[in-house]
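Asker: Build me a model:
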Amino acid sequence: MTEGKRYRTFVFDSARWDGFGFRPDDIVISTPPKCGTTWMQMLCALLIFRTHELPAPLAQLSPWLDMQTRPVSDVLRDLEDQRHRRFIKSHVPLDGLPNDPRVSYVCVARDPRDVALSWDNHMANIDLERFMGTRISAVGADDLEELGITGPPPAPPADPLERFWHWVDGASAENEVAGLGSLVNHIATFWERRGEPNVHLFHYSDLRADLPGQMRRLAECLGLDPPTDELVQAAGFAAMKERADELVPNSDTPFWRSNSAFFDRARAGAWKELLDEGGQRRFDDALAELAPPDLASFILRGWLG
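Answerer: Residues are numbered from 1 along each chain as shown. Alright, predicted model coming up:
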């Protein structure tokens, strides 16, 4: 086992994985933000527990280890106490996680244009004051100045198109919370190791197109029994949104304005209403600067597209 590079933002810190005691059958769900993290956590929960009636809220069953809204000692204690097969949430790229061949690493990619719109909804739904208060109570504020945070963030542009391009162009560094550059870097760390038997790469559009087939594929990757029709039905977007209070991330440290709004619309292709032909070319050029053609094609369309 080797420690990877450090990814550190005001939201998460990969250093919280240092010294974590893996079990041989652990599952790490590592995705860029707004790419289907909660969906993949739910798929794992259904396949592990074999029932739609989960024994606890999803955020407790699948803790976000690198998230800085709880003391890391508390999260590690909760994980140590778990007796079911553990499936741990992360937004750290694969090269920032401890490398253990006994562990399954799962990533979900998504069309970045859809991610940008989902991120827009995500930010509108966060109570930032409550979030920062929770974060400071958990880990302090000594590192905020070092991270370049000296006050509240500026108000986002009123124009949704400006917000879209801010996401595309304004967060290109690896240590940004979200943006096109950080998304491509994250998926690339899995793409480069996709041939390894414990590294598994999924795509949001494939889950939408063939949820039963993708659940069967996930079960095979993890050595679990295939899903029943009942489990597939429980994994659908509408069924999950009906259980928003139980399934929403960070339900143990709540800072959402609306739990139901977190699930938004599972949108796909809504960016077509925002981008004209010139805008689509601009996006294509931005993606081409960050990803080679084969990776860019997968990021946009998945395995089945």
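Asker: any weak-confidence spans in the stretch 201-305 of the chain?
Answerer: For the stretch 201-305 of the chain, applying pLDDT under 70 flags the ranges 251-253, 256, 259-267.
Asker: at 90 what do you get?
Answerer: Within the stretch 201-305 of the chain, the segments meeting pLDDT under 90 span 237-238, 240-270, 273, 305.
Asker: ditto for the stretch 51-200 of the chain
Answerer: Where the stretch 51-200 of the chain drops to pLDDT under 90, the residues are 118-135, 141-157, 169-178.
Asker: how does it look with 70?
Answerer: Short version for the stretch 51-200 of the chain, where the test is pLDDT under 70: 171-175.
Asker: can you map out the helices along it?
Answerer: Secondary structure of the stretch 51-200 of the chain (DSSP state H, counting those that start in this stretch): helices located at 58-61, 72-81, 112-125, 128-139, 160-169, 180-191.
Asker: any chance of those in a markdown table, with distance to Ala234 too?
Answerer: C-beta here means a position set from N, CA and C on the backbone, and glycine is covered the same way. Shown next, in a markdown table, are the helices of the stretch 51-200 of the chain (distance: least, Cβ to Cβ, whole Å):
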| stretch | distance to Ala234 |
| --- | --- |
| helix 58-61 | 12 |
| helix 72-81 | 24 |
| helix 112-125 | 22 |
| helix 128-139 | 29 |
| helix 160-169 | 32 |
| helix 180-191 | 26 |
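Asker: Quickly compare these and say which is most buried.
Answerer: Greatest average neighbour count among those goes to helix 180-191 (a mean of 23), per mean count of other Cβ atoms under 10 Å.
Asker: what distance separates that one from the centre of its chain?
Answerer: Averaged C-alpha coordinates place helix 180-191 at 12 Å from its chain's average position (Cα atoms, centre = their mean, to the nearest Å).
Asker: So what touches it?
Answerer: Here helix 180-191 makes contact (Cβ atoms under 8 Å, 6 or more residues apart in numbering) with 30-32, 35, 91, 93-96, 105, 107, 109, 112, 115-116, 167-169, 171-176, 199, 201, 286-287, 290-291, 295, 298-299.
Asker: Please convert the buried members of the residues you listed into PyMOL selection syntax.
Answerer: If you want just the buried ones from those in PyMOL, going by 16 or more other Cβ atoms under 10 Å, the selection is:
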select buried, resi 30+31+32+35+91+93+94+95+96+105+107+109+112+115+116+167+168+171+172+174+176+199+201+286+287+290+291+295+298+299
